[in-house]
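**Q** Please work out how this folds:
(one chain, ligands or ions: 1)
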Amino acid sequence: MDVTVVGAGPVGLVLAAELALSGAAVQILERLAEPSEAMKAGAINVPTAEALDRRGLLRAAEQVQREMLERVGSFARTADDQPPGGGRRAPGSRFTGHFAGMVLDADLVDWSDPDLAAHTAVDGGRLVPQRELEDLLAGHVARLGIPVCRGVEVTSLEDTGDGVLIGTTAGPVRTGWLVGCDGGRSAVRRLAGIDFPGTDPELTGHLAVADIADPSILADGWVWSTRGAYRYGPQPGRVVTVEFDGPPADRSAPVTLEEVQTSLRRVSGTDVTLTALRGAATRWTDNARQAATYWSGRVLLAGDAAHVHSPFGGQGLNLGVGDAMNLGWKLGAVVAGWAPEGLLDTYDTERRPLGAWVLDWTRAQIGVMRGDAKSAALREVVADLLSTREGATYAVKKISGVTQRVDLPGDHPLIGRHVPDLRLRDGSRLVDHGHGGGFLLLDRTPDGTFARSAAAWAGRVSSVTDGHATPTGVLVRPDGVVAWASDTTGLAAITGLEAALHRWTGAPTSSPEHEAVEPVEPVG
Ligand SMILES: Cc1cc2nc3c(=O)[nH]c(=O)nc-3n(C[C@H](O)[C@H](O)[C@H](O)COP(=O)(O)OP(=O)(O)OC[C@H]3O[C@@H](n4cnc5c(N)ncnc54)[C@H](O)[C@@H]3O)c2cc1C
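**A** Purely as a prediction, here's the structure:
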């Protein structure tokens, strides 16, 4: 086996699929016999929606969202729309997200902002619950023929230099590479001896959907008190509680009805009664940590195994899916033997800064959520700012992920960004051409100049020609990041393209169809 992925959560599933698309033999080991029913993420951001779009999975996610909006809508219609600070939003509104429980008003956001307008296809994000997303991804993995070995727990590992010997509850497994996508309490991270520095938790949160005997005594939206905060909605019976009284004594104990009810009573100051839990409730903290390295020898980490933080602002799953998209094709290239030198290093250097930013984004929300007078005063200031057009637009851009950028060489403004939704003259979208993975070159020169250069990398790069327009050329990595772009067609542009092709796709498989140029730093 070329690669073994530990964990069939959303990140492990995306990673395994990307590896398979790049030609690697991959398997998933998962300790649970059945998928977890625990309630977690409720939404995906723009880069995640675009990743699904890139693999032809967005339509299915949109169907999930429609069903979700039906459920949310029937509840939301009973309440006035009251953002920010309130939790309910009219059905059909654009999805915006929240900062520390302050829901962002879609009507305030400047949707013509260039960063937001460039990603029209996914329209801010999607209300797609994690459980349904995992089902959708499991189908994708099954169609790619990837074995998912359930009921198999990883218990030890030995990096032998040319591979990894994994100890599991089903016996030893040999693999070329091992990727831990095994969640926040990652055994792979611990067994590989990778440090996990960060800040300690100061709160305990709960998420549950429950039958409530007397729901009318709960206020709508987020409500703060000196003990913490709670939110009722946006679906019937859905409650979130936050208490600033330290982390739970036992994080592994199952979450009971009594525990959620006691917490809700404390933060709401009511004697609300829960009669039953629907599904498995979740307990979480604001433990915020990031792995000291995402890569050690033959072992790599992705998703929660590489970073944990509180769920405020809905970032963890999205961050992990981004890790998987970034790592999949790079590790696939290493396995296939064409990876240019240092390619795998860029997984850590590109993803670590974003992970650190997400940790700080969630820490900042804790700062305004505490029950003390100073935090309450700061919350008022932030709420005021988020009630402005600039403030709401800033926060939506951050939360939706449209400003994410990888620091890559080159002057063109598209380089390092996720490729915008480009419509082509034949009516298709650029993304429609990338369902099978691999690099995509959009060539808009009158005579196919760039496609002729890229022909030397056939098998790794597919070219799409689209008449004559600006930008004249865009090279898109399999993870959707623009590796090179140009508005011109001259020798400097060709030189820049070929440098980018060398940098990202290694040595050509044949000679370019014109006089070769030396690889140099890409230019825009
Ligand atoms: C209440 C809550 C709300 C959230 N809301 C959002 C949100 O709105 N948006 C968002 O982006 N994120 C959100 N998150 C975060 C999101 O749920 C996580 O970031 C996401 O689950 C991480 O996915 P993962 O695949 O890395 O890990 P996990 O989902 O934890 O999957 C890890 C898998 O590895 C398996 N495993 C563990 N150890 C072993 C082993 N030794 N051997 C074999 N298998 C093993 C586990 O059984 C599990 O299936 C939320 C989280 C919580 C708790």
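**Q** only C-alpha atoms for contact and neighbour calcs from this point on.
**A** Fine.
**Q** residue ranges of the strands in the stretch 301-450 of the chain, please?
**A** Ranges of strands within the stretch 301-450 of the chain are 307-308, 439-443, based on DSSP state E, counting those that start in this stretch.
**Q** Output these as CSV; include the columns mean neighbour count, mean pLDDT and distance to residue 145.
**A** Formatted as CSV, the strands of the stretch 301-450 of the chain follow (neighbours: other Cα atoms under 10 Å; pLDDT from 0 to 100; distance: least, Cα to Cα, whole Å):
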stretch, mean neighbour count, mean pLDDT, distance to residue 145
strand 307-308, 26, 98, 29
strand 439-443, 25, 97, 22
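**Q** Tell me which of the ones you listed lies nearest to the ligand.
**A** strand 307-308 (7.3 Å; Cα to the nearest ligand atom).
**Q** And that closest one, what does it pack against?
**A** Judged by 3 or more Cα pairs under 8 Å, 6 or more residues apart in numbering; DSSP states H and E, strand 307-308 is in contact with strand 288-290.
**Q** Please see if the strand it packs on touches the ligand.
**A** No - judged by Cα under 6 Å from any ligand atom, strand 288-290 stays clear of the ligand, getting no closer than 12.0 Å.
**Q** pLDDT below threshold where in this protein?
**A** 72-95, 120-125, 511-524 (pLDDT under 70).
**Q** nearest residue to the residue most central in space within it other than its sequence neighbours?
**A** The residue lying closest to the centre of the chain (Cα atoms, centre = their mean) is residue 318, at 1.7 Å. With sequence-adjacent residues excluded and distances taken as Cα to Cα, 6 or more residues apart in numbering, residue 318 is closest to residue 48, at 5.8 Å.
**Q** what's next to whichever strand or helix holds the one you found, contact-wise?
**A** Using DSSP states H and E, residue 48 sits within helix 46-54. Defining contact as Cα atoms under 8 Å, 6 or more residues apart in numbering, one finds that helix 46-54 is touched by 58-59, 61, 119, 122-126, 318, 321-322, 325, 400-402, 418, 431-432, 434-435, 479-480.
**Q** cool, and stretch 382-391?
**A** By Cα under 8 Å, 6+ apart, the list of residues contacting stretch 382-391 reads 84-85, 102, 104-105, 108-110, 392, 395.
**Q** Can you tell me which of these end up in strands?
**A** residue 102 (DSSP state E).
**Q** Top of the contacts of stretch 382-391 by number of neighbours, please.
**A** Neighbour counts for the contacts of stretch 382-391 (other Cα atoms under 10 Å) peak at residue 104, which has 28 neighbours.
**Q** Just to check, that one is in contact with residue 394?
**A** No - look at residue 104 against residue 394 with Cα atoms under 8 Å: they stay out of range, at 10.3 Å.
**Q** Are the helix holding residue 48 and the ligand in contact anywhere?
**A** No - figure legend: helix 46-54 not in contact with the ligand (Cα under 6 Å from any ligand atom); closest approach 8.9 Å.
**Q** Using CSV, write out every CA atom in that helix.
**A** What follows is helix 46-54 as a C-alpha-only set of coordinates in CSV (Å, rounded to 0.1, in the frame of the first residue of the first chain):
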residue,chain,number,x,y,z
VAL,A,46,-16.3,28.8,0.2
PRO,A,47,-13.0,26.8,-0.2
THR,A,48,-14.7,23.6,0.9
ALA,A,49,-17.7,24.2,-1.3
GLU,A,50,-15.3,24.9,-4.2
ALA,A,51,-13.3,21.8,-3.5
LEU,A,52,-16.6,19.8,-3.7
ASP,A,53,-17.4,21.7,-6.9
ARG,A,54,-14.0,20.8,-8.4
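**Q** how many degrees apart are the next helix or strand after it and helix 46-54 in direction?
**A** Per DSSP H and E, the first helix or strand lying C-terminal to helix 46-54 is helix 58-76. Orientation of helix 58-76 against helix 46-54 (axes from the mean of the first three to the mean of the last three Cα atoms, to 10 degrees) gives an angle of 130 degrees.
**Q** starting at the chain centroid, how far to helix 58-76?
**A** 20 Å (Cα atoms, centre = their mean, to the nearest Å).
**Q** and if you look at stretch 220-233?
**A** With Cα atoms, centre = their mean, you get 27 Å for stretch 220-233.
**Q** now swap in stretch 198-209 and tell me
**A** Per Cα atoms, centre = their mean, the displacement of stretch 198-209 from the mean C-alpha position of its chain is 20 Å.
**Q** Got a ChimeraX select line for the buried ones in the contacts of helix 46-54?
**A** In ChimeraX, a selection of the buried entries from those looks like this (16 or more other Cα atoms under 10 Å):
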select :58,61,119,122,123,124,125,126,318,321,322,325,400,401,402,418,431,434,435,479,480
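**Q** The contacts of helix 46-54: which ones sit near the ligand?
**A** residue 318.
**Q** Centre of the chain to the helix holding residue 48, how far?
**A** 9 Å.
**Q** Same check on stretch 496-514?
**A** A distance of 30 Å separates the centroid of the chain from that of stretch 496-514, by Cα atoms, centre = their mean.
**Q** Against which helices or strands is the strand ranked longest in the chain packed?
**A** If you go by DSSP E, the chain has its longest strand at strand 204-212. Judged by 3+ Cα pairs under 8 Å, 6+ apart, strand 204-212 is in contact with strand 238-243, strand 274-277, strand 282-285.
**Q** Spatially nearest residue to residue 149, not counting backbone neighbours?
**A** Of all residues not flanking residue 149 in the chain, residue 29 sits nearest, at 4.9 Å (Cα to Cα, 6+ apart).
**Q** Cross-check the contact I'm expecting between that neighbour and residue 148.
**A** Yes - with contact defined as Cα under 8 Å, residue 29 counts as touching residue 148 (6.1 Å).
**Q** between those two, what contacts are shared?
**A** residue 8.
**Q** Spell out which parts of the stretch 251-400 of the chain neighbour the ligand.
**A** So the stretch 251-400 of the chain meets the ligand at 282, 284, 303-305, 311, 314-318, 320 (Cα under 6 Å from any ligand atom).
**Q** Filter the residues you listed down to the ones in helices?
**A** Residues of these located in helices (DSSP state H): 316-318, 320.
**Q** Of those residues, which is the most crowded?
**A** Busiest of these [other Cα under 10 Å] is residue 320, holding 29 neighbours.
**Q** Distance check, it against residue 23.
**A** 22 Å (Cα to Cα, to the nearest Å).
**Q** What of residue 338?
**A** Noted for residue 338: a distance of 12 Å to residue 23, by Cα to Cα.
**Q** do residue 300 as well
**A** 19 Å.
**Q** still on that earlier bit, how many neighbours does the residue nearest to residue 318 have?
**A** Using other Cα under 10 Å, the number of residues around residue 48 comes to 24.
**Q** higher neighbour count, residue 300 and residue 23?
**A** residue 300 (25 against 16).
**Q** returning to what we had before: quick one: the residue nearest to the centre of the chain and residue 41 touch, right?
**A** No - in this structure, residue 318 is not within contact of residue 41 by Cα under 8 Å, at 9.3 Å.
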